[in-house]
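# Here is a sequence with its predicted model. Questions after.
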Amino acid sequence: MQVNLKIFRYNPEVDATFHYETYTLESDETDRILDLLEHVKGYHDGTLSFRRSCAHGICGSDAMRINGKNALACKTLVRDVGDHITVEPLLGLKVQKDLIVDMEPFFDNYKKVLPYFINDSPLPADGRERLQSPEERARFDDTTKCILCAACTTSCPSFWAHDDYLGPAALVTAHRFIYDSRDEAAAERMHIVSETSGLARCHTIFNCTMACPRDIQITKAIGELKMTSLTGKLD
Amino acid sequence: MANVHQFEVVVVGAGGAGLMAALYASRGAKTAVISKLYPTRSHTGTAQGGISAALGNYEEDKPEWHTYDTVKGSDYLGDQDAIEFMCEEAIEAVIELEHMGLPFDRTPEGRIAQRPFGGHTNNETGKPVRRAAHAADRTGHMILQTLYQQCLKNKVNFFDEFQILDFLVTDGKTAGVVAVELATGELHTFHAKAVIFATGGHGRIFEVTSNCYAYTGDGLAVLLRQGIPLEDMEFFQFHPTGIFKLGILITEGVRGEGGVLINGVGDRFMTKYAPSVKDLASRDVVSRAIYTEIREGRGVNGKNYIHLDVRPESVNKYAAIDGRTNLDGSAYTITGTQLLAKLPDIIDFCRVYLGVDPVTQMMPIQPTAHYSMGGIPTNKFGEVVIDSNNTPFPGLYAAGECACVSVHGANRLGTNSLLDLVVFGKHAGLKAAEFAQQADYQKLPSNPEAGALFQVEALRTGSGQENAFEINAEMKTIMFDDVGVYRTEKGMKEALEKVWALQERFKHVKVTDTGKIFNTELLSAWELGNMLEVAEVITESALNRQESRGGHSREDYPQRDDKNWLKHTLAWKKDGKVVIDYKPVTITKYQPKARVY
Ligand SMILES: Cc1cc2nc3c(=O)[nH]c(=O)nc-3n(C[C@H](O)[C@H](O)[C@H](O)COP(=O)(O)OP(=O)(O)OC[C@H]3O[C@@H](n4cnc5c(N)ncnc54)[C@H](O)[C@@H]3O)c2cc1C
Ligand code: SF4
Ligand code: FES
């Protein structure tokens, strides 16, 4: 089948402002949007720039707007979006070139929520693993799936409006540790996410949940954090 | 020479091996990590099934069994001292990951959950043993996240989206690396006492592969250009179960949970090829079985794929036939809901890319280029050793898939790579820091960027008669067809001629993007040059080895030949030609014998 692929283009070294470029391509309905971008880069315009690595939805490199919705280019097939396809960079982060945005502010937010396991208590005397029941493990399973693709955060109107908002992805990471029965820094993290730039900026718009390529129930996770912040209880 | 940085230890690569190395090196030396991808984008994140260790959390298991299984899996080409070391360190390594917070799945008692994997057995009964510690089917993702997080906690220095182009040597010793910063196109010189390469694999030279776009063999090519040899490059693993055409991996864990391989006429054919462990035989064995079935006309619908069946009714049927039981002795069964909980990502891949639901339908699969057993020669401390006498190169270390210790020999067992990353990543980090504490910085070459600039200039000033993408596509087809699962002298000779021709054509590639900011065209072209180098070394090494062993399967020499070939290949690139030498295999306890599953 033939598809019409319209791509946002911007090269700060030559362009005063962005423009769109349209390519007509032969494709299969099972082609990934990433395959189409690769084809354009290989045979039409080598300067087209985007990030990618794993090509199967696991590394989080190629989140972008496809027909207006945030998605991974490698996890979206032509049959999912039809033969008129528009591809644009994520919103709310500075465009560095074509589909590449500046990820630093996103990772800075991630780093704010103490995104690492903290437990300074003595290790088990038998030298083995800390114990955790399957139920305790299940408590935070969903939020361990995050690949830091930024699809959620950059779909959030509250993030667009407030530079300082931690954003859903950072809250997902906070959730992953706060509800881990082995971690000991829940209180510190709750303090961080309860500041004005945190939970209060979430207005339950659900865009993040819709955008997440890992199907993480983000709004639910944020809801749980809000509940803990109100009640002080972790369960 | 605007941008010069000085670090005692520089780690190139931020996957499992690089991050583990960085964690340990940074405790004893000023350390930086350079990575062309954001660390969390590294390929370690895609590893699915598990990491092996004889924890014995369900049933009896011991490091000696793990050692023997690995030796046997390697088709006796693995160095037994290193294998023993790795399998003994395994328990501590996996426990350490748990202590770092890694969310492993749990047993009812709250211990780390484990599943069976190909080639891992109870040595007394010969039956599969539960040795692969896992976090659903995203074990690698959790390892990568956990190690990155610990590096942040320990304030390791990161240079994200910096791609190294050159390795600097002064008087035969390590002096540093040169990297390009992707966002600006600026070159940076990293002056270092020790450099640890952890740049991953190169499966992108093959048409059908489970490997990411970044797997272009950069580290190998960079070192080859500086006169460092590569070891056992002919041994490349083809994983039996890749999604048809796409190559996306379907973990062996699917068969661990009871999935079976079914050919076009509905037979579970592995009973023929590996009567004892059947679908859980070693990967090389299963991949060859699939090829044979397809060649003999038993592919599905006459095409070159077969089915992987994990539908609960099939799993339960074959588990009953095999007499598989749960630990309490009851018959092993599985439900669709349990499958979803154990293999969520696999089910998602099939639904997204194939429109197939594994709970109710069979998955079309074919062998996919997966893992390089060969690589930069090291000893068990991660020190790069550059000749038949294992002489270390001062200040140079390697770990992970880019390295060849060799613990995987001619064929790697599933879950042993993640183990390799954490064990040898750690030791490379420790050794590099120890070295840095007693060594001085070497003088930088007077113009350290010259080598990198030269390579970049060549790509900017080519005649433009050739298209890099076409060369890339041709290389992949040649390598997959003629240097793939089955090999012959005739096929490989032709392949070699073609690879040389592609190398010639590559000189006429011209990068059209003249900018500096994220010049991904330039870097992709540079990567293609690396892949062509690596493809040449693989083909020459494979052509040279006149026997079949593990992942190297020659139709013209179908037998393993211990008399002539129980030795490692070392390949150098000298004056534009591949030169080959050998070094002995270290054998401690296990004398080679026939390998039967
Ligand atoms: C789909 C899949 C599933 C797998 N499942 C399992 C499993 O269940 N169990 C198991 O044991 N193994 C598994 N493996 C194998 C295992 O995951 C890999 O071998 C291993 O993760 C490689 O880790 P690494 O640290 O060596 O490299 P990587 O994690 O790939 O890291 C390489 C790093 O090098 C950097 N780099 C590369 N070139 C440059 C350059 N020029 N300049 C700067 N940086 C550079 C990259 O940015 C990256 O950070 C699987 C592999 C695949 C592909
Ligand atoms: S929560 Fe989902 S959308 Fe957000 S960064 Fe993580 S994986 Fe991406
Ligand atoms: S390329 Fe890895 S998520 Fe798309």
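Looks like it arrived, so ask away. Ligands and ions are numbered 1, 2, ... in the order given.
# How are the strands of chain A distributed by residue range?
In chain A, the segments counted as strands under DSSP state E are A:2-9, A:19-26, A:63-66, A:69-72, A:84-88, A:95-97, A:100-101.
# Please produce TSV containing these, extended by mean neighbour count.
From N, CA and C alone the C-beta is placed, and that goes for glycine too. Converted to TSV, those look like this (neighbours: other Cβ atoms under 10 Å in any protein chain shown):
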stretch	mean neighbour count
strand A:2-9	17
strand A:19-26	13
strand A:63-66	24
strand A:69-72	23
strand A:84-88	19
strand A:95-97	21
strand A:100-101	24
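# tell me the average confidence for the longest helix seen in chain B?
In chain B, assigned by DSSP state H, the helix with the most residues is helix B:520-544. Across helix B:520-544, the average pLDDT comes to 98.
# what about the helices in chain A?
Under DSSP H, chain A gives helices at A:33-43, A:78-81, A:104-112, A:134-138, A:157-161, A:167-178, A:186-193, A:207-211, A:218-231.
# out of those helices, which comes closest to B:Asn123?
Nearest to B:Asn123, of all those, is helix A:134-138, at 29.5 Å by Cβ to Cβ.
# For the longest helix of chain B, buried residues please.
B:520-543 (16 or more other Cβ atoms under 10 Å in any protein chain shown).
# what does stretch B:483-490 give?
B:Val483, B:Gly484, B:Val485, B:Tyr486, B:Arg487.
# Reformat those as JSON lines; add secondary structure.
Putting the buried residues of stretch B:483-490 into JSON lines (DSSP: H, G, I helix; E, B strand; the rest coil) gives the following:
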{"residue": "B:Val483", "secondary structure": "coil"}
{"residue": "B:Gly484", "secondary structure": "coil"}
{"residue": "B:Val485", "secondary structure": "coil"}
{"residue": "B:Tyr486", "secondary structure": "coil"}
{"residue": "B:Arg487", "secondary structure": "strand"}
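# for those residues, which one is nearest chain A?
Minimum distance to chain A across these is 20.1 Å, recorded for B:Gly484 (Cβ to the nearest Cβ).
# quick one: pLDDT of the closest one?
pLDDT recorded at B:Gly484 is 96.
# show me what contacts B:Phe197?
B:Val12, B:Gly13, B:Gly219, B:Leu223, B:Ile376, B:Val384, B:Leu396, B:Tyr397, B:Ala398, B:Ala399, B:Cys402, B:Ala403 (Cβ atoms under 8 Å, 6 or more residues apart in numbering or on different chains).
# Where do the strands of the stretch 351-500 of chain B begin and end?
B:363-372, B:376-377, B:383-385, B:392-398, B:403-404 (DSSP state E, counting those that start in this stretch).
# do you know which of these lies nearest ligand 2?
Taking Cβ to the nearest ligand atom, strand B:363-372 is the member of the strands of the stretch 351-500 of chain B nearest to ligand 2, at 24.6 Å.
# same question for the closest one, mean pLDDT?
The model assigns strand B:363-372 a mean pLDDT of 97.
# near chain A, anything from that strand?
No: judged by Cβ under 8 Å from any Cβ of the partner chain, strand B:363-372 makes no contact with chain A; its nearest approach is 11.6 Å.
# by contact count, what packs against that strand?
strand B:236-243, helix B:283-293, strand B:306-309 (3 or more Cβ pairs under 8 Å, 6 or more residues apart in numbering or on different chains; DSSP states H and E).
# how about CSV for those, with mean pLDDT added?
Listed next are the helices and strands packed on strand B:363-372 as CSV, based on pLDDT from 0 to 100:
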stretch, mean pLDDT
strand B:236-243, 96
helix B:283-293, 94
strand B:306-309, 97
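# Minimum distance to B:Glu504: which of these has it?
Nearest of those (Cβ to Cβ): strand B:236-243, 24.2 Å.
# Figure out how far that closest one is from the centre of its chain.
Centroid separation between strand B:236-243 and its chain, computed with Cα atoms, centre = their mean, to the nearest Å, is 12 Å.
# mind saving the C-alpha coords of it as CSV?
C-alpha atoms of strand B:236-243 as CSV (Å, rounded to 0.1, in the frame of the first residue of the first chain):
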residue,chain,number,x,y,z
PHE,B,236,27.8,-16.3,16.8
GLN,B,237,24.6,-17.6,18.4
PHE,B,238,21.4,-17.9,16.5
HIS,B,239,18.6,-18.0,19.0
PRO,B,240,16.0,-20.6,17.9
THR,B,241,12.9,-18.5,18.5
GLY,B,242,12.8,-15.1,16.9
ILE,B,243,9.5,-13.7,15.6
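# Could I get the average pLDDT for the helix or strand just after it?
Using DSSP states H and E, the helix or strand that follows strand B:236-243 towards the C-terminus is helix B:253-256. In this model, helix B:253-256 carries a mean pLDDT of 91.
# Quick one: residues contacting B:Gly219.
With Cβ under 8 Å, 6+ apart, B:Gly219 has these contacts: B:Val12, B:Gly13, B:Ile164, B:Phe197, B:Ala198, B:Thr199, B:Gly200, B:Ile376, B:Ala398, B:Cys402.
# Let's see if you can find the most crowded of those residues.
Counting neighbours by other Cβ atoms under 10 Å in any protein chain shown, B:Thr199 leads those with 36 neighbours.
# With adjacent residues omitted, what lies nearest to residue 113?
Reading this off chain A. Excluding the flanking residues, the one nearest A:Val113 by Cβ to Cβ, 6 or more residues apart in numbering or on different chains is A:Ala174, at 4.2 Å.
# You answered for a different chain; I wanted chain B.
Per Cβ to Cβ, 6+ apart, closest to B:Ala113 is B:Asp105, 3.8 Å.
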